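Asker: I would like the atomic coordinates for the input below:
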Amino acid sequence: MKLVHIFGPQAVGKMTVGQELAKITDLKLFHNHMTIDLVTHFFDYSTKEGKRLVNLFRQEIFEEFSKSDLYGMIFTYVWLFDQESDWEYVKRLSKLFESRGGTVYYVELEADIDERLERNKTPNRLEHKPKKRDIDWSENDLKSTMEKHRLNSLEGEIPFQNYIKINNTNLNAEEVAKIVKLKFDL
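Answerer: Predicted coordinates:
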């Protein structure tokens, strides 16, 4: 069992890289908006109820998947490096898969803000993430999150063995997926 955890700021290409990686491996993609968009039909993600339900659905999917005989999963996530709760979440998720004999791979993506603002409007992103279709709101959220939080790691900060950081400003998702597949022999 493998868990490929792809993280980085909004619109860096996590889902799109995950889609391409899923095409060239037997990994299943679980991007973070799959649960967010489900729950926001009922509760805004910023509410206590919305966050609880998103976390509940994710946890149940992780539990069942980590017990299965499937090859592995790709999970995408915006990791707020200045928030201890995000560090704890990543550690808990990793422990769940590792406790059942799985291996966790960490893929950090980073890209220039101008490139991320362009990617924020791509048809693929808007098709798979309905909440992002309000471009004004989405761009404001992207910028304000970047101002409030640190969205990429510092040099040497990630303590995990199976880790790669890729600046994908000038790489397409297919190229990044091939790098990840080769690096971790997926």
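
Asker: so where's the longest strand in the chain?
Answerer: Taking DSSP state E as the criterion, the chain has its longest strand at strand 103-110.

Asker: Name the SS class of the residue nearest the centre of the chain, please.
Answerer: What sits nearest the mean C-alpha location of the chain, by C-alpha atoms, centre = their mean, is T76, with 1.6 Å. When classified by DSSP: H, G, I helix; E, B strand; the rest coil, T76 comes out as strand.

Asker: Tell me the confidence at it?
Answerer: T76 is assigned a pLDDT of 97 by the prediction.

Asker: As a check, name the ranges of all strands in this structure.
Answerer: Here the chain has its strands, by DSSP E, at 2-7, 27-30, 72-77, 103-110, 163-167.

Asker: Kindly reformat these as TSV containing distance to E88.
Answerer: The way it works is simple: take the backbone N, C-alpha and C, and place the C-beta from them, glycine included. Converted to TSV, the strands of the chain look like this (distance: least, C-beta to C-beta, whole Å):
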stretch	distance to E88
strand 2-7	14
strand 27-30	20
strand 72-77	13
strand 103-110	15
strand 163-167	18
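
Asker: Now the terminal residues of stretch 40-53, how far apart.
Answerer: End-to-end distance of stretch 40-53 (C-alpha to C-alpha, to the nearest Å): 10 Å.

Asker: tell me the contacts of the residue nearest to G102 when sequence neighbours are not counted?
Answerer: Of all residues not flanking G102 in the chain, M1 sits nearest, at 3.6 Å (C-beta to C-beta, 6 or more residues apart in numbering). By C-beta atoms under 8 Å, 6 or more residues apart in numbering, M1 lies in contact with F65, S66, S68, L70, Y71, G72, F97, R100, G101, G102, T103.

Asker: okay, now the fifth one: neighbour count?
Answerer: Spelled out, that is Y71. Neighbour count for Y71, taken as other C-beta atoms under 10 Å: 12.
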